[in-house]
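Q: Need coordinates for the below:
(one chain, ligands or ions: 2)
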Amino acid sequence: MFKKSFLALAVLLLAIISHAQVGIIPQPVETTVATGGGAFRINRQTKIVAGKDLQNSVKFINGYLKKFYGFELASTKNAKATNAVHLRAGKIAGLAKPGYTLDVKKTGIVIQGSTDTAVFYGIQSLIQLLPTVKGTDLSVPYVSVKDYPRFAYRGMHLDVARNFFPVSFVKKYIDNLALHKMNYFHWHLTDDQGWRIEISKYPGLTTAGAFRDGTIIGHYPGTGNDNTRYGGFYTKQEVKEVIAYAAERYITIIPEIELPGHSSAAIAAYPWLSCFPAKETSIPKNASEASQLKKGKKVQETWGVFEDIYCAGKDSTFLFLQDVLDEVVALFPSKMIHIGGDEAPKDHWKICPSCQARIKKEGLKDEHQLQSYFIQRIEKHVNAKGRTIIGWDEILEGGLAPNAVVMSWRGEKGGIDAAKENHFVIMTPGSHVYFDHAQTRDKDSVTFGGYTPLEKVYSYEPVPAELPAGKEEYVLGAQANLWSEYIRYDSKAEFQIFPRMSALSEVLWTPKEKRNWEKFQAAMIRQFQRYDLWDVNYFHEK
Ligand code: ACM
Ligand code: ZN
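A: Ligands and ions are numbered 1, 2, ... in the order given. Down below sits the predicted model:
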């Protein structure tokens, strides 16, 4: 009896240990560990075999090896090479795109992808099999993997307006996306507290709109103001560099230009964008000394929702936004362009003669329909450039723009309503994937509020049960948002996203029936070691 249960325990432990060695995150569709164990050793003599079409992946592997293990591999086109990692792209029968297979055997490592993107995903799985400590003899367990993603949209967002993050950090963030097989980066570039992208036609957006005179200290409404001028922006050259960096990692960047709300920074630069250009920005509690002395419109120093938004009555507003979007579209190859749409108070529109005249002229019922008019007018312009708009779920108010994709953040209702109307949706509910929320009930640092522990993220199901049959296909996927009101530094941003990003990657990639919290936790043991190797900061409950 004792012997039997001991044996069972030993078998269980062995299973856990071997799984821990092959705990690829996100968990693949199929993973078969060789019976009897064994490992292939990548060493300095190992070659990468790849054709011309896969040189991007060769560059990525070598970049990774060099950075974390201190050496690179020679590459060759000789398919007969032994002691090699073979990369191949081509149709794979019976495997959904972008699917790949990864085989680690005594004879070598073979990654076969249905496309070059799929090969890249295979490489990410291989990376998950490498040791979590530095070394030049990298043992990779014999394993066979068959894999493809569950959702087409697997994303993360970063707010660079409330706090600004340098290009180097944005690149590291993109690296982390790639390492988790994610394929979209949503760059929140404008908001009340700063305009972060150079627009040639309107230099004031960055000379004036990118800087504020101070920032409140601590949790809203603050305990004071740091009275320190703060800001920054990305030049067009930097934006191009980041787009290219992401593209090499098969990641599309979706830029967000907020409208009609969250527009204080633009209005501070060009007051004529407001319904009331002469109206001074109200001075909040804990405003900086400099801003208290200043007249006119100001870039905000505190958080929240502000009533001074783009005037919907004046054509000059639309001409400005069209010019801005033209420059944005010229920079970003993304099919989808995010136009915000959330949290636009209607106080000004209700009393603005131009806005009221617009309502009358267009036969609109109220200010909600005016918001809808605003979005649809912008949508027409963006569509004419061959692009599609995405907006936060408020764009449903007063009627949805014809081709718009909806990002459902106030729960899932917006996403469900949009999918019912045959609109594509991306789920980003505050309940599960707002990574500015706390991960522990203990006070670790100032956060926005809300409690979203790892297990809650892991439990998230992007396709709502209430969705009628046949509408599931409208859910493109999901994304986590990182709002940065309380995130000034890179290390805090990483603390907020790790380890939750690893959980999200499994929500988005792994087949629903394969998702398993216990298995994920076992795989996380090595993933935490890998975070150390990657030199990222993370939260870990003791
Ligand atoms: C949002 O969190 N206001 C989209
Ligand atoms: Zn107006």
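Q: make it CA atoms for all contacts and neighbour counts henceforth
A: OK.
Q: Next one: the nearest residue to E289 once chain neighbours are set aside from S316, what distance?
A: Spatially, and ignoring its direct neighbours in sequence, E289 is nearest to N227 (6.6 Å; C-alpha to C-alpha, 6 or more residues apart in numbering). N227 is 34 Å from S316, where distance means C-alpha to C-alpha, to the nearest Å.
Q: For those two, work out which one has more neighbours and name it.
A: Neighbours were counted for N227 and for S316 using other C-alpha atoms under 10 Å; N227 has more, 19 against 13.
Q: check contacts around that one.
A: D213, G214, T215, S288, E289, A290 (C-alpha atoms under 8 Å, 6 or more residues apart in numbering).
Q: can you confirm it is in a strand?
A: No - using DSSP: H, G, I helix; E, B strand; the rest coil, the assignment for N227 is coil, not a strand.
Q: if we can go back for a sec, how much space between the residue nearest to E289 and L293?
A: Taking C-alpha to C-alpha as the measure, N227 falls 12 Å from L293.
Q: just H338 next, same as before
A: 35 Å.
Q: Residues of the stretch 301-450 of the chain that sit close to ligand 1?
A: In this structure, the stretch 301-450 of the chain approaches ligand 1 at residues D342, W392, W409, judged by C-alpha under 6 Å from any ligand atom.
Q: ok, now with 8 Å
A: Listed as neighbours of ligand 1 in the stretch 301-450 of the chain under the rule C-alpha under 8 Å from any ligand atom: G340, D342, E343, W392, W409, R410, G430.
Q: picking up where we left off before, ok, so what distance separates the residue nearest to E289 from ligand 2?
A: Per C-alpha to the ion, to the nearest Å, N227 is found 32 Å from ligand 2.
Q: Now do that residue against S264, distance only.
A: The gap separating N227 from S264 is 19 Å, by C-alpha to C-alpha.
Q: same deal with R154?
A: From R154 across to S264, the span is 31 Å (C-alpha to C-alpha).
Q: out of the two, which sits in the busier spot?
A: Between R154 and S264, S264 has the larger neighbour count (other C-alpha under 10 Å), namely 30 against 27.
Q: I'd guessed the more buried one sits against D308; true?
A: Yes - when contacts are counted by C-alpha atoms under 8 Å, S264 is listed as touching D308 (6.6 Å).
Q: okay, how far is it across stretch 253-264, tip to tip?
A: Taking C-alpha to C-alpha as the measure, stretch 253-264 stretches 24 Å from start to finish.
Q: Show residues contacting it.
A: If you take C-alpha under 8 Å, 6+ apart as the criterion, stretch 253-264 is touched by 184-193, 243, 246, 297-300, 305-312, 325, 328, 332, 334, 336-345, 371, 374.
Q: and if we set it to 7 Å?
A: Here stretch 253-264 makes contact (C-alpha atoms under 7 Å, 6 or more residues apart in numbering) with 184-192, 243, 299-300, 305-306, 308-310, 334, 336-344.
Q: do stretch 342-355 as well
A: 260-261, 275, 305, 307-308, 311-314, 356, 367, 392, 394.
Q: Ligand 1: which of those is nearest?
A: Comparing those against ligand 1 with C-alpha to the nearest ligand atom picks out W392 as the nearest, at 5.9 Å.
Q: Return the set of residues that bridge with the closest one.
A: In this entry, W392 is beta-bridged to M407, by DSSP bridges.
Q: Is it correct that Y531 falls within a helix?
A: Yes - residue state for Y531 (three-state DSSP) corresponds to a helix.
Q: Need the per-residue pLDDT for whichever residue of the stretch 351-500 of the chain sits closest to ligand 2.
A: In the stretch 351-500 of the chain, the residue that lies nearest ligand 2 is C355 (4.2 Å; C-alpha to the ion). With respect to pLDDT, C355 scores 98.
Q: Next to ligand 2, which bits of the stretch 151-300 of the chain? Give me the list.
A: Counting by C-alpha under 5 Å from the ion, the stretch 151-300 of the chain comes close to ligand 2 at C275.
Q: Helices of the stretch 151-300 of the chain, start to end?
A: 167-179, 204-207, 236-247, 264-269, 289-293 (DSSP state H, counting those that start in this stretch).
Q: which residue ranges form the helices in the stretch 401-542 of the chain?
A: 413-420, 430-433, 454-458, 490-497, 500-509, 517-534.
Q: List the buried residues in the first one.
A: When burial is assessed from 16 or more other C-alpha atoms under 10 Å, helix 413-420 yields the following buried residues: K413, G414, G415, I416, D417, A418, A419, K420.
Q: Of those residues, just say which sits nearest to ligand 1.
A: Among the buried residues of helix 413-420, G414 lies closest to ligand 1 (C-alpha to the nearest ligand atom), at 11.9 Å.
Q: That closest one and D393 touch, don't they?
A: Yes - in this structure, G414 is within contact of D393 by C-alpha atoms under 7 Å, at 5.3 Å.
Q: list the residues that contact both of those two?
A: S408.
Q: want to throw the contacts of stretch 342-355 into TSV with secondary structure, neighbour count and distance to F164?
A: Shown next, in TSV, are these (DSSP: H, G, I helix; E, B strand; the rest coil; neighbours: other C-alpha atoms under 10 Å; distance: C-alpha to C-alpha, whole Å):
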residue	secondary structure	neighbour count	distance to F164
P260	coil	23	22
G261	coil	23	20
C275	coil	24	28
V305	coil	16	19
E307	coil	19	23
D308	coil	30	22
C311	coil	24	27
A312	coil	27	29
G313	coil	21	32
K314	coil	18	31
Q356	helix	19	37
E367	helix	21	33
W392	strand	24	22
E394	helix	23	26
